[in-house]
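S.K.: no sequence for this one, just the structure:
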């Protein structure tokens, strides 16, 4: 059973940067998985942040983070990253990662999910 664990969240001022990590354990298929970051703020629906294909060749970003966030993966470490620059208060949310054999811009089709890490951006 694959487990995903996020780390790197915290409190940062507007304009600052954070790098989130999503480490996978318990499986050998990581390099074949499509991966994604989602976020959910209190009282709001879950929102897609970014996705990356199994070979890293195709990346997709939500409109609200395009140009500020970068998704990447290191299959040798079974880890995915989200570099977040120029953070804004509206980026405040719980960020969680997802993995699966079928990539999607929606939350449901993934097979494995992390518990999430809190990102808080102060103004």
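M.R.: Looks like it came in fine. In this text the structure is predicted, and so the values were computed from the model without any measurement.
S.K.: Quick one: the strands in the chain, in order.
M.R.: Taking DSSP state E, the strands of the chain run over residues 3-7, 10-13, 18-25, 34-40, 47-52, 59-61, 69-74, 79-84, 93-100, 112-113, 117-122.
S.K.: Export the ones you listed as CSV, with columns for mean neighbour count, distance to residue 106 and mean pLDDT.
M.R.: In this view, the C-beta of every residue, glycine as well, is placed from N, C-alpha and C. Formatted as CSV, these follow (neighbours: other CB atoms under 10 Å; distance: least, CB to CB, whole Å; pLDDT from 0 to 100):
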stretch, mean neighbour count, distance to residue 106, mean pLDDT
strand 3-7, 17, 17, 97
strand 10-13, 13, 28, 98
strand 18-25, 19, 18, 97
strand 34-40, 24, 9, 97
strand 47-52, 21, 7, 97
strand 59-61, 15, 12, 95
strand 69-74, 18, 17, 97
strand 79-84, 23, 18, 98
strand 93-100, 23, 10, 97
strand 112-113, 18, 13, 96
strand 117-122, 17, 21, 98
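S.K.: Could you check how far the residue nearest to the spatial centre of the chain is from residue 1?
M.R.: Centroid-nearest residue in the chain: residue 37, 2.5 Å away (criterion: CA atoms, centre = their mean). Using CB to CB, to the nearest Å, we find residue 37 at a distance of 21 Å from residue 1.
S.K.: before we move on, what about residue 23?
M.R.: Counting by CB to CB - residue 23 and residue 1 are separated by 15 Å.
S.K.: cool, and residue 71?
M.R.: 24 Å.
S.K.: just residue 21 next, same as before
M.R.: For residue 21 relative to residue 1 (CB to CB), the value is 20 Å.
S.K.: so how many other residues sit close to the closest residue in space to residue 15 that isn't next to it in sequence?
M.R.: Of all residues not flanking residue 15 in the chain, residue 86 sits nearest, at 6.0 Å (CB to CB, 6 or more residues apart in numbering). Residue 86 has 13 neighbours, counted by other CB atoms under 10 Å.
S.K.: show me what contacts residue 86?
M.R.: 15, 17, 68 (CB atoms under 8 Å, 6 or more residues apart in numbering).
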